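Undergrad: need a 3D model of the following:
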Amino acid sequence: MPPATPELISPRSPRVSAARRLAKRNFRGKERLFLAEGPQAVREAAGHRTGDASSPLVELFATVEAAERYADIIGEARAAGARVHLADEEVIADISTTVTPQGLVGVCRFLDTSFQEILRARPRLVAVLANVRDPGNAGTVLRCADAAGAEAVILTDASVDLYNPKAVRASVGSLFHLPVAVGVPVEEAVAGLRDAGVRVLAADGAGAHDLDEELDAGTMGTPTAWVFGNEAWGLPEETRALADAVVRVPLHGKAESLNLATAAAVCLYASARAQRGPGGCRSVTGG
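TA: Numbers count the residues shown, from 1 in each chain. I've put the predicted structure just below:
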């Protein structure tokens, strides 16, 4: 058989132009579509199923080389009902938001879940991002939450766009693994979680409670939501006041502080370990 040839030669193709515009937030919001770049994100998108059993992946652009290298992903994309287009490298570079594209760019439907739906699921571990503005940090915290076994992530109305390409890349596919609610006022998030029986902890370096002491006291095994603040100034006093406790990660060495993603990983894993220990909520429920 002759080698496959690109079918979308020109970056001026209407489909290419439509995909390129999704790099901008206003177009993403209008179309409720976003870009998933690289084999890991595209694979997760193709394999994910929403409530109506459909895949969020609606379109896939691939270079001939990438289509051959990742033939299994191309097959999954087609099986998911996505339109697959072979394109030359110029087209992929035009759509992609990375410096060195990996040859696959998917167009996906928005995935966000309503806050009320998250509450109805009675989550046991939740990450709340309040005023988190850096998309890389948001995506990394989402990845940490996924790895720690959290059931949901909530982005407040003052936080970065979940579908920013940098946030999607930083999540490394975790965006497709757990429910995420967006645009929730922090007061509403805290009140709703507390009404659902979730203890709300604010993570802050100046917190009155020490994470080690909380673990030693056995208070971390209950359903818990961690509230993480802005990268530069943390959580404002009015947000800290909403929480059941303000908890600091102890610094046993000489480091001045931890960055947001590292602190989030420590806190989420501390809760995950406590919930899986004797008396923790997961051991009781069998999760």
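Undergrad: would you pull up how far stretch 95-108 lies from the middle of the chain?
TA: Put simply, stretch 95-108 sits 18 Å off its chain's centre (Cα atoms, centre = their mean, to the nearest Å).
Undergrad: what are the contacting residues of that stretch?
TA: If you take Cβ atoms under 8 Å, 6 or more residues apart in numbering as the criterion, stretch 95-108 is touched by 16, 19-20, 22-23, 33-39, 41-42, 45-46, 56-63, 65-67, 69-70, 73, 77, 82, 89, 92-93, 165-166, 169. Any C-beta I mention is one placed from the backbone N, CA and C, and that applies to glycine too.
Undergrad: same question for stretch 261-270.
TA: With Cβ under 8 Å, 6+ apart, stretch 261-270 has contacts from 125, 127, 137, 140-141, 144-145, 147-148, 150, 201, 203, 211, 214-215, 220, 226, 228, 247, 249, 258.
Undergrad: among those, which lie within strands?
TA: 125, 127, 201, 203, 226, 228, 247 (DSSP state E).
Undergrad: residues contacting the fifth one?
TA: Applying Cβ under 8 Å, 6+ apart, one finds that Trp226 lies in contact with 126-128, 201-203, 264, 267-268, 271.
Undergrad: thinking again about what came up before, give me the buried subset of the contacts of stretch 95-108.
TA: Among those, those buried by neighbour count (16 or more other Cβ atoms under 10 Å) are 16, 19-20, 22, 33-39, 41-42, 45-46, 56-63, 66-67, 69-70, 73, 77, 82, 92-93, 165-166, 169.
Undergrad: for Arg194, which non-adjacent residue is spatially closest?
TA: Of all residues not flanking Arg194 in the chain, Val200 sits nearest, at 5.8 Å (Cβ to Cβ, 6 or more residues apart in numbering).
Undergrad: what is the burial count for that neighbour?
TA: 19 (other Cβ atoms under 10 Å).
Undergrad: pretty sure it contacts Arg240?
TA: No: Val200 is not in contact with Arg240 according to Cβ atoms under 8 Å; the separation is 10.6 Å.
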